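**Q** Sequence unavailable; structure follows:
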């Protein structure tokens, strides 16, 4: 097989055979096929798409470029959740212990934040001592002990995807549904799961700017997973405004703790419970959504989920004291309210601009190797539908640098729409697949 | 400027600004922009095309990546011819001395053969001693002395194009009119010409498989040249069947000599004279096509063009004796007629298959660094419209290896269409722009 003939075939709109995809991805992973041929193929895929068969073959080839984890020593159903990313999205931190309380193992391998999207690992690392770099053996040990464990991507999992992801980032080939789907699913299928629930976000703060694209992406990934013999469900959620009231790292841990104690913001709780319900149904821990929601609510209200979270943090070497008294978490030097210029109803909160403001403050990364400031971020963020007075706070800024705070404020000046008429909160959960 | 933003802009179908193209090509030439970003941009251009302004900027940026030759020491009008490639195309070898006889300087920088397309340099190198690697100083000296000189591409001319051309070859981005046009024109505009005449071929043996695409390519290149202040003309010619009766290297030199002596095949003479006429008109050596053709014919019949050719070969260190007695040129060990399986009229000669058969014999290259056999090839090739008897020769094979000859014959078995009804020879010159 000749790499350029495969590129030309895709360029001309033909479907590639499974062995052609295997040859190309295998060659790319081992360095026999250079970046420039992979970049040309990725751009051809951007324009010409891929059939379900091709996406399945691509996912499989990327998964097989690395290790497929053996989780057979865990007897519980093994179910993970994956989100396509959002602003203020701390769902994983609540969901993993909550679902683990219901007799499901949650073997979660998570990512770091890049661009406006926050990363679950970065948030966890604001808990003093928490290790995200457990070995696979340690990870399995924590899973067996408490039923959930959140760690970072290891180099052994889907190395072809890792290489391709970095390449797509610099070659204008990120927003391609076949490539996004295969990238996510190759990593998830390597985790040794029984089932997977997807949170596919759409809107200003999401990859997918339209709800229709989010549905398409969700359907594509659900099909890949089902073809691989996994139980699959996807929830399409609105990410035009951030989730919850806090965006950052330590500040999101505080909101996580509040939520695990039963005092979480409505939107965050709703998304978490909906995803959890799908996991319980797939894991046969509930017969239907209604029963599942009741079980989950019980574990949240009873404090069981919070105890489970502390157990997991403890097994990862993290400070449980900092969760019992969140003032022990790192705090920013400057804390300043950002005030409304006029009164009315909040009609829009641009998740993209809020995310960018947090990157400017230092809570996120522009480049993969940037370091982040765990203390900075935003709290007390208003939500669409809220009534506000002129001069009342729209949010509280947590900053360690006045100059960066000023820059963030420039972005925030365009982040809110205040209208005289009350606007209903948008539909948060727009579909379940 | 960020390279991936430029890629994304083109991917989304927007026109790039001249400074964006300059930044990208300049960065690519100096290695600051890697192959994989160039490959992604090339594929985006393949799908989204380029405006005239963009193509002009791309041509200019590639030209300026290297040296622009100073030919001001030559007082005659400096006019070159460029062909987009063909099978049996030895036009340059006849045209350069012929036009030089008419008071025009022909500063020709030529390429080697790749794939089925033969290379003028390879043909010239079958003349013992002929040096294609003159320095620019030597080249200018030959030009001043005899009015024409054919040499190979130097590393100083349009290095960005050289790099991009090699990249396109392995990334499925060759057949793109903006990229082809800019590649050809960047090299030609660097030669220090006053005018340029293009031979844009279409058909089985050409890059452009349709006449419409050839016209589009011709118009694009003519526009680039005119924008750069050059006199331009393009002739669209049929390359469905090979040009002349000989395909190879030494065998094409023999046909060249025959033609320069006034005994050339009709199609080869016609194309040569048509291109020459355009050069004479652009160089103001004739008032119109009719007058130009008369002047050219006179120099062919008188033997002046042949003398000029020998003068050029001599100044390049080549053996004039081998031109006066072509038996001194390298000859293949095996010479065998390839016979018609049935009688009738020749209705088709597939230039692509004839070209491939010659590559198999060893007359051409599959890869850039392949070596070639100057002796092998094909002579006595029949033309469309010829009447043939069963068992009469369709061509004569010149080979140095029985095995390769057998392989060539397998290809040749599909190269001819013999029909009971006489078919007219196709229109050779289908348009002049």
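**A** Structure's in. What do you need? It should be emphasised that the depicted structure is a prediction, and the values quoted were computed from it without experimental measurement. Residues are numbered from 1 along each chain as shown, chains lettered A, B, ... in the order given.
**Q** which phi and psi does residue A:236 have?
**A** Backbone torsions of residue A:236, given as degrees, to the nearest 10, read phi -90, psi 120.
**Q** quick one: it from chain B, how far?
**A** To chain B, residue A:236 is 25 Å away according to CB to the nearest CB, to the nearest Å. The way it works is simple: take the backbone N, C-alpha and C, and place the C-beta from them, glycine included.
**Q** My understanding was that that residue contacts residue A:217; is that so?
**A** No: taking CB atoms under 8 Å as the definition, residue A:236 is not a contact partner of residue A:217, at 9.2 Å.
**Q** anything in contact with each of these two?
**A** Here residue A:236 and residue A:217 have residue A:200 as joint contacts, going by CB atoms under 8 Å, 6 or more residues apart in numbering or on different chains.
**Q** Neighbour count: these two, which is higher?
**A** Ranked by neighbour count (other CB atoms under 10 Å in any protein chain shown), residue A:236 and residue A:217 place residue A:217 first, with 25 against 22.
**Q** Name the nearest residue to that one, ignoring sequence neighbours.
**A** Nearest residue to residue A:217 in three dimensions, chain neighbours excluded: residue A:177, at 5.2 Å (CB to CB, 6 or more residues apart in numbering or on different chains).
**Q** Repeat that for residue A:50.
**A** residue A:178 (3.8 Å).
**Q** Count the residues that sit near the one you found.
**A** Using other CB under 10 Å, residue A:178 is surrounded by 22 other residues.
**Q** Name the residues that touch the helix or strand harbouring it?
**A** In this structure, residue A:178 sits in helix A:177-189 according to DSSP states H and E. With contacts defined as CB under 8 Å, 6+ apart, helix A:177-189 is touched by A:42, A:45-46, A:49-50, A:54-55, A:58-60, A:62-63, A:68, A:80, A:82, A:84, A:109, A:153, A:157-158, A:160-161, A:164-165, A:168, A:173-174, A:196, A:207, A:213, A:216-217, A:220-221, A:224-225, A:228, A:230.
**Q** again with stretch A:312-332
**A** Applying CB under 8 Å, 6+ apart, the contact partners of stretch A:312-332 are A:96-97, A:100, A:124, A:126-132, A:134, A:141-142, A:145-146, A:148-150, A:250, A:253-254, A:257, A:309-310, A:373-377, A:398-400.
**Q** about what we covered before: quick one, which of the contacts of helix A:177-189 are buried?
**A** A:42, A:45-46, A:49-50, A:54-55, A:58-60, A:62-63, A:80, A:82, A:84, A:109, A:153, A:157-158, A:160-161, A:164-165, A:168, A:173-174, A:196, A:207, A:213, A:217, A:220-221, A:224-225, A:228, A:230 (16 or more other CB atoms under 10 Å in any protein chain shown).
**Q** Could you pick out which of those are located in helices?
**A** Among these, the residues falling in helices (DSSP state H) are A:42, A:45-46, A:54-55, A:58-60, A:62-63, A:160-161, A:164-165, A:168, A:213, A:217, A:220-221, A:224-225.
**Q** For the stretch 301-433 of chain A, just list every one of the strands.
**A** For the stretch 301-433 of chain A, the strands defined by DSSP state E, counting those that start in this stretch occupy A:334-339, A:344-349, A:377-379, A:387-388, A:393-399, A:416-419, A:429-432.
**Q** how about the ones you listed in JSON lines, adding mean pLDDT, distance to chain B and mean neighbour count?
**A** Output for the strands of the stretch 301-433 of chain A, formatted as JSON lines (pLDDT from 0 to 100; distance: least, CB to the nearest CB, whole Å; neighbours: other CB atoms under 10 Å in any protein chain shown):
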{"stretch": "strand A:334-339", "mean pLDDT": "96", "distance to chain B": "30", "mean neighbour count": "14"}
{"stretch": "strand A:344-349", "mean pLDDT": "96", "distance to chain B": "25", "mean neighbour count": "19"}
{"stretch": "strand A:377-379", "mean pLDDT": "97", "distance to chain B": "27", "mean neighbour count": "27"}
{"stretch": "strand A:387-388", "mean pLDDT": "95", "distance to chain B": "37", "mean neighbour count": "14"}
{"stretch": "strand A:393-399", "mean pLDDT": "97", "distance to chain B": "27", "mean neighbour count": "22"}
{"stretch": "strand A:416-419", "mean pLDDT": "95", "distance to chain B": "27", "mean neighbour count": "17"}
{"stretch": "strand A:429-432", "mean pLDDT": "90", "distance to chain B": "26", "mean neighbour count": "16"}
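**Q** Give me every residue in the stretch 51-200 of chain A lying close to chain B.
**A** A:167, A:169, A:170, A:171, A:172, A:173 (CB under 8 Å from any CB of the partner chain).
**Q** min pLDDT across these, which one?
**A** Among those, residue A:169 carries the lowest pLDDT, at 84.
**Q** Quick check: that one vs residue A:175, distance?
**A** Distance, residue A:169 to residue A:175, by CB to CB, to the nearest Å: 11 Å.
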